[in-house]
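> here is my input, please return the structure:
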Amino acid sequence: MLYSKYVVGWQDLVEFVQVRTVTQWQKRRFGRFWFSKAKAGKVGRPTISKELRGLIRQMSEANPLWGTPRIIGELEKLGIEVSRATVDKYRVRVRRNPSPSWKAFLKNEAKAIAGIDFFTVATLNFRVLYVFVVVMHDRRKVIHFNVTEHPSAEWTAQQIVEAFPWETAPKYLLRDNDGIYGREFTKRVKGMGVEVVRTACRSPWQNPYTERLIGSIRRDCLNHVIVIGEEHLRSLLRSYFDYYHRSRTHLGLSGDCPESRKVDPPENGRIVEIPKVGGLHHQYVRKAA
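A predicted model of the protein is given here:
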């Protein structure tokens, strides 16, 4: 107030306001400041094209069982690189039960390890079918599968022989403690020079690749169909495994397929949608016009 005597009518210029009013003024000033910066030049992440946004939505709508990583993997096979945040932003959300997670994976000597397991499938007329699968750990490839209504140790032993003919057996065979693996099975596997590694009781995470495969079969295929009988189930599984090996991208394989799938670059043409597993899933390839 030292110079107040030199300013005539200064009392009319003073206005008392609340603290909240001042903070609101500051927020508006801050907004105007960054708005002027944005007008001066582009800031933030560049926007993607309308066509790519539509493709992401198309993939998520046509494949409701796919999550963001699967869509990213499919786009990479088309020569399109997008961030996880971008796919999360534009894909269509579908409500579904969360899939189980696995805490540990066997990494040592993956090329020498195979995993085996059974899972059951109920049919239209309430029969229970048993599916036996054999999975190689290195590329998550299903080497062999079969279906039966009455499994036995002898039948299971024969499946191992069919899975690994002509001295192609792995060094280790990972299995659980199911009683189906009886004396005949143990004898046959030992004669093939394979060392059996049994998981601990109630520890499916110790056979992670096989358990994850069975979960994928159910979530991607069997949970969405009604199985009529053995031949129908075999046909469904053949169709699914063809998709699983040649089209389905895997996080554990760095976005590749068990049977490696080449990147389809943009110069190869427009994107075409190919239905797989009866339209439950789709593969996207480029085709010249």
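> how is this structure divided into domains?
50-96+259-287, 110-246 (automatic domain parsing).
> quick check: mean pLDDT across the first one?
I take that to be domain 50-96+259-287. The average of the pLDDT scores along domain 50-96+259-287 is 90.
> ends of that domain, what's the gap?
One end of domain 50-96+259-287 to the other measures 20 Å (Cα to Cα, to the nearest Å).
> likewise the last one?
Here the two ends of domain 110-246 are set 20 Å apart, with distance taken as Cα to Cα.
> and for stretch 127-144?
Using Cα to Cα, the two ends of stretch 127-144 sit 23 Å apart.
> where along the stretch 51-200 of the chain do the strands fall?
Taking DSSP state E, counting those that start in this stretch as the criterion, the stretch 51-200 of the chain carries its strands at 113-122, 128-136, 141-148, 172-175, 195-198.
> and the contacts of stretch 159-175?
Outside stretch 159-175, the residues within contact range by Cβ atoms under 8 Å, 6 or more residues apart in numbering are 106, 109, 112-117, 132, 134, 136, 143-144, 146, 181, 185, 188-189, 192-199, 206-207, 210. To be clear about C-beta, it is placed using only N, CA and C from the backbone, and glycine gets the same treatment.
> switch to 6 Å and redo it
Here stretch 159-175 makes contact (Cβ atoms under 6 Å, 6 or more residues apart in numbering) with 112-116, 132, 134, 143-144, 146, 189, 192, 194-197, 207.
> what does stretch 119-127 give?
With Cβ under 6 Å, 6+ apart as the contact definition, stretch 119-127 has outside contacts at 128-131, 214, 226-229, 233.
> quick one: buried residues of that stretch?
By neighbour count on 16 or more other Cβ atoms under 10 Å, the buried set for stretch 119-127 is 119, 121, 123.
> what does Val285 show for phi and psi?
phi -130, psi 160 (degrees, to the nearest 10).
> how close does Ile180 get to Thr168?
When Cβ to Cβ, to the nearest Å is applied, the distance between Ile180 and Thr168 equals 23 Å.
> who has more neighbours, those two?
More neighbours surround Ile180 than the other of Ile180 and Thr168, with 15 against 9 (other Cβ atoms under 10 Å).
> how about that one, phi and psi?
As for Ile180, its main-chain torsions (degrees, to the nearest 10) stand at phi -60, psi -20.
> okay, the buried residues of stretch 119-127 in CSV with distance to Leu237 and pLDDT next?
Listed next are the buried residues of stretch 119-127 as CSV, based on distance: Cβ to Cβ, whole Å; pLDDT from 0 to 100:
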residue, distance to Leu237, pLDDT
Phe119, 11, 97
Val121, 9, 95
Thr123, 14, 94
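> Arg20: which of those residues is nearest?
Lowest distance from Arg20 to the buried residues of stretch 119-127 (Cβ to Cβ) belongs to Phe119, with 63.0 Å.
> picking that back up, want to try a markdown table for the buried residues of stretch 119-127, with distance to Pro265 as columns?
Converted to a markdown table, the buried residues of stretch 119-127 look like this (distance: Cβ to Cβ, whole Å):
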| residue | distance to Pro265 |
| --- | --- |
| Phe119 | 39 |
| Val121 | 40 |
| Thr123 | 45 |
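> closest to Ser239 among those residues?
Of all the buried residues of stretch 119-127, Val121 has the smallest distance to Ser239: 14.7 Å, by Cβ to Cβ.
> can you name the residues bridging to that closest one?
Counting by DSSP bridges, Val121 is bridged to Leu129.
> any idea how far it is from Lys276?
Relative to Lys276, and taking Cβ to Cβ, Val121 is found at 20 Å.
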